[in-house]
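*Asks:* mind looking at a prediction? Sequence and model below.
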Amino acid sequence: MSALLTRPYWYLRHGQTDWNARNLSQGRTDIPLNTVGLSQAVAAGNAIANHWDHLELPITQIVSSPLGRARKTAEMTADIIKQKVGVTLPIELDDGLKEVCFGVEEAQPMGPWYDDWIAGTFTPENAEPFAVLCNRIAEAVNRSICKAQNGTVLIVAHGGVFRALRCLMGLKVNVRLPNAQPMCARPPENGGSVWDLNALPLE
């Protein structure tokens, strides 16, 4: 399995969609943000902007999944930061950050098969195996990290993507990340294997 570069990064899952609210697996299906999701994107931007002068890891670049729910979250977050802080953050899209393809399980209720998918003992028909996802995401995140040469990247993507990242960071994998919650990921220190993950308070 590919490894992450030992450099910190910020992560933001997209805001809520109607399928999120209905607990349906979205995968590659391009479902837009709903009204709640749009408000969550604004709240995420405000949280980052309100802590801007105290961020230990200053954000200089945004890299987003090209799917609409992530791209819109990235754009709205960047707009809020520009309005409140006066900093224009460049946004790039990376196909490698697209959500996992769940195959026949897309548009279906989220089920108990996630643990087996993560373990590699079950993959839905036409879906992306978890190990393949992890390699894809490691490569995409490493590309993204390298784009922020003099600062830290903010990656805007998806819940399944973050499960892969949790695996790569040595953390419990099958944990659902809340919509539009900015997270700061720091590599392990002193030869450790588990990354440090902290949420930025939403205000």
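*Replies:* That came through, no problem. Numbers count the residues shown, from 1 in each chain.
*Asks:* contacts, neighbours, all on C-alpha from now
*Replies:* Fine.
*Asks:* how about the strands in this structure?
*Replies:* 9-13, 59-64, 91-93, 152-157, 183-186, 196-199 (DSSP state E).
*Asks:* contacts only, for P112.
*Replies:* Contacts of P112 were listed using C-alpha atoms under 8 Å, 6 or more residues apart in numbering, and none were found.
*Asks:* what's the burial count for R22?
*Replies:* Using other C-alpha atoms under 10 Å, R22 has 12 other residues around it.
*Asks:* can you check L154 too?
*Replies:* Neighbour tally, L154, other C-alpha under 10 Å: 27.
*Asks:* how far away is the residue most central in space within the chain from G192?
*Replies:* In the chain, the centroid-proximal residue (C-alpha atoms, centre = their mean) is A157; its distance is 3.7 Å. Going from A157 to G192 by C-alpha to C-alpha, to the nearest Å gives 26 Å.
*Asks:* export the strands of the chain to JSON lines and tack on distance to L38?
*Replies:* Formatted as JSON lines, these follow (distance: least, C-alpha to C-alpha, whole Å):
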{"stretch": "strand 9-13", "distance to L38": "13"}
{"stretch": "strand 59-64", "distance to L38": "16"}
{"stretch": "strand 91-93", "distance to L38": "18"}
{"stretch": "strand 152-157", "distance to L38": "14"}
{"stretch": "strand 183-186", "distance to L38": "18"}
{"stretch": "strand 196-199", "distance to L38": "20"}
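*Asks:* make CSV out of those strands and add mean pLDDT and distance to S25.
*Replies:* Output for these, formatted as CSV (pLDDT from 0 to 100; distance: least, C-alpha to C-alpha, whole Å):
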stretch, mean pLDDT, distance to S25
strand 9-13, 98, 15
strand 59-64, 98, 20
strand 91-93, 98, 23
strand 152-157, 98, 15
strand 183-186, 97, 22
strand 196-199, 97, 24
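*Asks:* which one of these is the most hemmed in?
*Replies:* Per-stretch averages of neighbours, counted by mean count of other C-alpha atoms under 10 Å, single out strand 152-157 among these, with a mean of 27.
*Asks:* which strands and helices sit next to that one?
*Replies:* Packing partners of strand 152-157 (3 or more C-alpha pairs under 8 Å, 6 or more residues apart in numbering; DSSP states H and E): strand 9-13, strand 59-64, helix 68-85, helix 130-147.
*Asks:* try it again at 10 Å.
*Replies:* strand 9-13, strand 59-64, helix 68-85, strand 91-93, helix 130-147, strand 183-186 (3 or more C-alpha pairs under 10 Å, 6 or more residues apart in numbering; DSSP states H and E).
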